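Engineer: Structure of the sequence below:
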Amino acid sequence: MLSYYNQSETCVVLLHEIYGINQHMKDIAKKLSEYQVDIICPNLLEIDGSYSYSDEQKVYQNFKENVGFAVGVEKVKKLLYQIRDEYEFIIVLGFSIGATIAWLCSDEQGLCDMIIGYYGSRIRDYTDVIPKCPTLLFFPENEISFDSIDLIGEIEVKRNVRVYQFQGKHGFSDPYSDKYCSNSAKRAEREMINFIRNSISLSG
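Structural biologist: Alright, predicted model coming up:
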């Protein structure tokens, strides 16, 4: 687990991609901690270190076989139950599989106060979920395995859901990925911070 504690009443629960707690997640955690919020990034894979981007297919297969969304959601909900009374405001921020897990945690009233998800492509398997809290989702224009426009059309009509689509591919916000798109990453980050600021007061 990666964490930063600032004695804040707000906590961001950061959910990593299939690669684990890599440098991208560490950078995000550090950057968000500068807003004087607490950060908790659970290790959903329960491994030391992280996987390489070059092993994407193998790593995703590992996630499906050894973790899976059901177990991932169970772990995150358990954490949310544990910290719920400690914080006034809890934000669940997820990337890829982490975004889908965040989405699946949004269906329980009061468990968290905000969901933010970057390119949660497997949300397409769970479009029956109706978020009980404000939800912000970012998708790329180009997804290899499905048409993101169809998914966006299906979920953006739901109450509490705001969706943005940016130029680029799955992974556009990760500067360590060959899918990185600087302009889209900056725009998404700006929308994320504004979304949070509309609900709580951020320092920094």
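Engineer: From the chain's centroid, how far away is the worst-scoring helix or strand of the chain on mean pLDDT?
Structural biologist: Least confident element among the helices and strands of the chain, by mean pLDDT, DSSP states H and E: helix 56-66 (a mean of 79). The chain centroid and the centroid of helix 56-66 are separated by 18 Å under CA atoms, centre = their mean, to the nearest Å.
Engineer: pretty sure Gly49 contacts Gly20?
Structural biologist: Yes - here Gly49 lies in contact with Gly20, judged by CB atoms under 8 Å, at a distance of 7.1 Å. To be clear about C-beta, it is placed using only N, CA and C from the backbone, and glycine gets the same treatment.
Engineer: neighbour count winner among the two?
Structural biologist: A count of neighbours by other CB atoms under 10 Å puts Gly20 above the other of Gly49 and Gly20, at 19 against 10.
Engineer: nearest spatial neighbour of that one, skipping sequence neighbours?
Structural biologist: Spatially, and ignoring its direct neighbours in sequence, Gly20 is nearest to Ser50 (3.8 Å; CB to CB, 6 or more residues apart in numbering).
Engineer: now swap in Ile97 and tell me
Structural biologist: Ile18 (5.5 Å).
Engineer: Please report how far that neighbour lies from Gly49.
Structural biologist: To Gly49, Ile18 is 14 Å away according to CB to CB, to the nearest Å.
Engineer: swap in Gln36?
Structural biologist: 29 Å.
Engineer: residues in contact with the spatially most central residue of the chain?
Structural biologist: Central residue of the chain (CA atoms, centre = their mean): Gly94, 0.9 Å from the mean position. By CB atoms under 8 Å, 6 or more residues apart in numbering, the contact set of Gly94 is 14-15, 100-103, 115-118, 120.
Engineer: and Ile39, how many residues sit next to it?
Structural biologist: Neighbourhood size, Ile39 [other CB under 10 Å]: 24.
Engineer: repeat for Gln82
Structural biologist: 10.
Engineer: Please enumerate the helices of this structure.
Structural biologist: Along the chain, the stretches classed as helices by DSSP state H are 23-33, 56-66, 68-83, 97-105, 148-155, 182-197.
Engineer: most tightly surrounded among these?
Structural biologist: Using mean count of other CB atoms under 10 Å, the stretch among the helices of the chain with the largest mean neighbour count is helix 97-105, at a mean of 26.
Engineer: helices and strands around it, which ones?
Structural biologist: strand 10-15, helix 68-83, strand 89-95, strand 114-118, strand 135-142 (3 or more CB pairs under 8 Å, 6 or more residues apart in numbering; DSSP states H and E).
Engineer: strand partners of the fourth one, parallel vs antiparallel please.
Structural biologist: The sheet places strand 114-118 alongside strand 89-95 (parallel), strand 135-142 (parallel), with pairing taken from DSSP bridges.
Engineer: same deal with the first one?
Structural biologist: Neighbouring strands of strand 10-15 in its sheet, by DSSP bridges, are strand 38-41 (parallel), strand 89-95 (parallel).
Engineer: Mind checking the pLDDT average for that strand?
Structural biologist: Taken as a whole, strand 10-15 has a mean pLDDT of 97.
Engineer: The shortest one too?
Structural biologist: Per-residue pLDDT values across strand 114-118 average out to 97.
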